[in-house]
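Chemist: I'd like to go over a predicted model; first the sequence, then the structure.
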Amino acid sequence: MANMSAPPLRRESEIAVQDTTLLRASILRFPLIVGVVYIHNYSTADHIGTGLVGAAHVSTWVNFVMFFISEGLASAAVPLFLLISGYLFFLNFGEWSWERYFGKLKRRFHTLLIPFVFWNLVSLLFYTIGRRLPQTKMYFVGTQWPPADPSFLGSVGAMFGITTVFPIAGSFWFIRDLMALILLAPAIHFIMTRRIALAFLIALFVLWWVDIWPVLWPGDFPTFFFSLGAYLSLSKKDVTYLDRYGPWITMIFLCLITIRFCYHPLDQKYPAILVIVFGVPSVWWLTKLAIKSPAVKLRLLILSDASFFIFAAHGQLEIVIRKLLYRMVAPISGEAILALYFFIPIFLIALLVATYRVLCRKAPWLLNFISGSSYRRAVASG
């Protein structure tokens, strides 16, 4: 009788682990988006008009604080988003099914492609108006628009990131690469369900490490982390396995951030990769601690609904707010720059969360179209 009851018990255990994994992925979304906003806000100066506003020399401790957050703690944000996306896309996928795959493609058309096109068109309008108005054109010095190739095809390619590293809505490179990886999902599924899966992942990591990648998009580390998520999902690996080593991994992670700041230039890739490698399991382990607090868990779950909207809308607004405040304050001390470093993302995120809630009440159809709840439901359902 014991043998007969073992499979159902194992199945219940798998479901419990899966539910916990989905919960931890959900509460991560908002903190990771906060990290992305801080990454984009990391600088000690800004171009306004033809001048550079900010401190020419910032004290080491101020630089370290900003580096520690944006180049350290937040460095795991995008890799974790990619890993979770790969994991959820193939969750409960099992054997390959074209019907299931096309069903997922249909959902991604509404939750990824439509927002991608919409927000890039919004960015085009934003840059076009901003550069032409005498009152605002000074705030658009140093931006990536207009493109080097002014032809129609060149402009379209630059706007959507087809021929450039970033689309006009810069942060949407992530969505572009994610859509490309989803189109490659049949090949990824085939490889990740064969014996060559681990060898393939190692090869992807090596290509990322040595900075050899033959295509513009999807990029090297997006392909690695999405494929890793697919492997963990399809092989039903225990994604909580490294939790037992969480404190030690996190200590190494924090030490690596400090070592990179002290001894390695920012443009050196290998220390940055090591920070990410140890940062991903460190941040994932912290979610285990977060779900132990009902208040923290509830607050993060509520805020997670607004995550995609914050991601989509923060880029251009951050440019305007940052340049405007730097013009108004003209910070010349490290302390003033540090204060702006913390204030701008906090103000921007609070503004966008409030906007999201207004749209939820007044125009849910619009929110559903451009991001919002439709994205959350698609992620939750895989």
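Modeler: Now that the structure is in, tell me what you want to look at. Numbering: from 1, shown residues only.
Chemist: How many residues are close by Phe197?
Modeler: Actually, residue 197 is Ala. It isn't Phe. Other residues within reach of Ala197 by the criterion other C-beta atoms under 10 Å amount to 19. Heads up, the C-betas are built off the backbone N, CA and C, glycines and all.
Chemist: correct me, but it touches Ser233?
Modeler: No - here Ala197 lies out of contact with Ser233, judged by C-beta atoms under 8 Å, at a distance of 11.8 Å.
Chemist: which stretches of the stretch 251-382 of the chain form helices?
Modeler: If DSSP state H, counting those that start in this stretch is used as the criterion, the helices of the stretch 251-382 of the chain fall at 269-290, 294-304, 307-329, 334-362, 364-370, 372-381.
Chemist: Redo those as JSON lines? Include mean neighbour count.
Modeler: Formatted as JSON lines, the entries for those read as follows, by neighbours: other C-beta atoms under 10 Å:
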{"stretch": "helix 269-290", "mean neighbour count": "19"}
{"stretch": "helix 294-304", "mean neighbour count": "14"}
{"stretch": "helix 307-329", "mean neighbour count": "20"}
{"stretch": "helix 334-362", "mean neighbour count": "16"}
{"stretch": "helix 364-370", "mean neighbour count": "15"}
{"stretch": "helix 372-381", "mean neighbour count": "17"}
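Chemist: now those helices in CSV, with mean pLDDT and distance to Leu184?
Modeler: What follows is the helices of the stretch 251-382 of the chain, written out as CSV (pLDDT from 0 to 100; distance: least, C-beta to C-beta, whole Å):
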stretch, mean pLDDT, distance to Leu184
helix 269-290, 91, 21
helix 294-304, 89, 27
helix 307-329, 86, 22
helix 334-362, 92, 32
helix 364-370, 87, 26
helix 372-381, 42, 18
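Chemist: now these as CSV including distance to Phe174?
Modeler: Listed next are the helices of the stretch 251-382 of the chain as CSV, based on distance: least, C-beta to C-beta, whole Å:
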stretch, distance to Phe174
helix 269-290, 15
helix 294-304, 17
helix 307-329, 8
helix 334-362, 17
helix 364-370, 16
helix 372-381, 13
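Chemist: Ignoring the adjacent residues along the chain, who's closest to the residue positioned nearest the centre of the chain?
Modeler: The C-alpha lying nearest the average C-alpha coordinate of the chain belongs to Val78 (C-alpha atoms, centre = their mean; 3.4 Å). Here the nearest residue to Val78 in space, its sequence neighbours aside, is Phe174; by C-beta to C-beta, 6 or more residues apart in numbering that works out to 6.3 Å.
Chemist: Cross-check the contact I'm expecting between that neighbour and Phe81.
Modeler: Yes - with contact defined as C-beta under 8 Å, Phe174 reaches Phe81; the gap is 6.9 Å.
Chemist: more crowded one of those two?
Modeler: Phe81 (25 against 20).
Chemist: And the more buried one, its phi and psi?
Modeler: phi -60, psi -40 (degrees, to the nearest 10).
Chemist: which residues touch it?
Modeler: With contacts taken as C-beta atoms under 8 Å, 6 or more residues apart in numbering, Phe81 has the following neighbours: Leu32, Phe174.
Chemist: In contact with Asn355, which residues?
Modeler: Actually, residue 355 is Thr. It isn't Asn. Neighbouring residues of Thr355 by C-beta under 8 Å, 6+ apart: Phe309, Ala313.
Chemist: Try it again at 10 Å.
Modeler: Contact partners of Thr355, counting by C-beta atoms under 10 Å, 6 or more residues apart in numbering, are Ala306, Phe309, Ile310, Ala313, Leu317, Leu367.
Chemist: Surely Arg24 is in a helix?
Modeler: Yes - applying DSSP: H, G, I helix; E, B strand; the rest coil, one finds Arg24 inside a helix.
Chemist: and the gap between the spatially closest residue to it that is not a sequence neighbour and Arg107?
Modeler: Ranked by C-beta to C-beta, 6+ apart and with sequence neighbours excluded, the top spatial neighbour of Arg24 is Thr287, at 4.1 Å. Taking C-beta to C-beta, to the nearest Å as the measure, Thr287 falls 25 Å from Arg107.
Chemist: likewise Leu351?
Modeler: As defined by C-beta to C-beta, Leu351 lies at a distance of 29 Å from Arg107.
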